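Student: Take this sequence and fold it.
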Amino acid sequence: MTSRDSYDAIAQSIVALPRMRQVLDKGNQDYDAFTSWLASALREKSTEAQRVVSAAVAMASKDAGDKGQIIELGWLSLRRIINPSAPPVQLTEMRTAFYAGAQHLFASIMTILDPEAEPTEKDLERMSMIEAELRNFTELLKAAARESRN
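Tutor: Presented below is the predicted three-dimensional model:
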């Protein structure tokens, strides 16, 4: 998939989100015109396009969270950057590893939280450390993706 195809696919995925369609309908936006603009703006690394993508990610995350599918959304996001010719067994193993990691994180969070009803300072500190760990991993993934594109 070329870089141009990737941006077109991202734009199409964003416009297909039900909440994005509602936003576009309220503004009487033409779906095809908006999709073309967004793909072009993404190619140009436009700040406006990045804001649209961020808003779309937030919409998709809220929708997935409301449906109990936040981990699946994460897997599907990861799946988009995996080599399209990856064999099914590799995809199955990767999905299993992804979910195993999510399960480990969830179980760890539930184990380390203090038993009080409200989060304690220590709970918040632990969550901040988990967030930092995941943010560092995400940055490593982004760097590897940029390197592979060059």
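Student: When you work out contacts or count neighbours from here on, use the C-alpha atoms and nothing else.
Tutor: Noted.
Student: which stretches of the protein have low pLDDT?
Tutor: 1-7, 15-17, 19, 21, 23-24, 28-29 (pLDDT under 70).
Student: Next, the buried residues of the helix ranked longest in it.
Tutor: For the chain, the longest helix by residue count, based on DSSP state H, is helix 121-149. For helix 121-149, burial by neighbour count (16 or more other Cα atoms under 10 Å) applies to D123.
Student: same thing with stretch 70-87?
Tutor: Residues I70, I71, L73, W75 are the ones in stretch 70-87 that count as buried (16+ other Cα under 10 Å).
Student: Which SSE is immediately downstream of the host helix or strand of the last one?
Tutor: Translated: W75. W75 is part of helix 70-79, with elements assigned from DSSP states H and E. Elements were assigned by DSSP H and E; along the chain past helix 70-79, the next helix or strand is helix 88-112.
Student: Would you mark the buried spots in that following helix?
Tutor: M94, R95, F98, Y99.
Student: Does anything pack onto the helix holding W75? Which helices or strands?
Tutor: Contacts defined by 3 or more Cα pairs under 8 Å, 6 or more residues apart in numbering; DSSP states H and E place helix 70-79 against helix 47-66, helix 88-112.
Student: Quick check: buried residues in the first one?
Tutor: The one in question is helix 47-66. By 16+ other Cα under 10 Å, the buried positions in helix 47-66 come out as A49, V52, V53, A56, M59, A60, S61, D63, A64.
Student: Apart from its neighbours in sequence, what residue is nearest the fourth one?
Tutor: Nearest residue to A56, sequence neighbours excluded (Cα to Cα, 6 or more residues apart in numbering): I14, at 6.1 Å.
Student: does the one you found sit in a helix, a strand or a coil?
Tutor: Recorded secondary structure, I14: helix (DSSP: H, G, I helix; E, B strand; the rest coil).
Student: ok now stretch 110-119, how far from the chain's centre?
Tutor: How far stretch 110-119 lies from its chain's middle: 27 Å, per Cα atoms, centre = their mean, to the nearest Å.
Student: typed the wrong thing, it's stretch 79-89
Tutor: 17 Å.
Student: so how far does that stretch reach from one end to the other?
Tutor: Using Cα to Cα, to the nearest Å, the end-to-end distance of stretch 79-89 comes to 13 Å.
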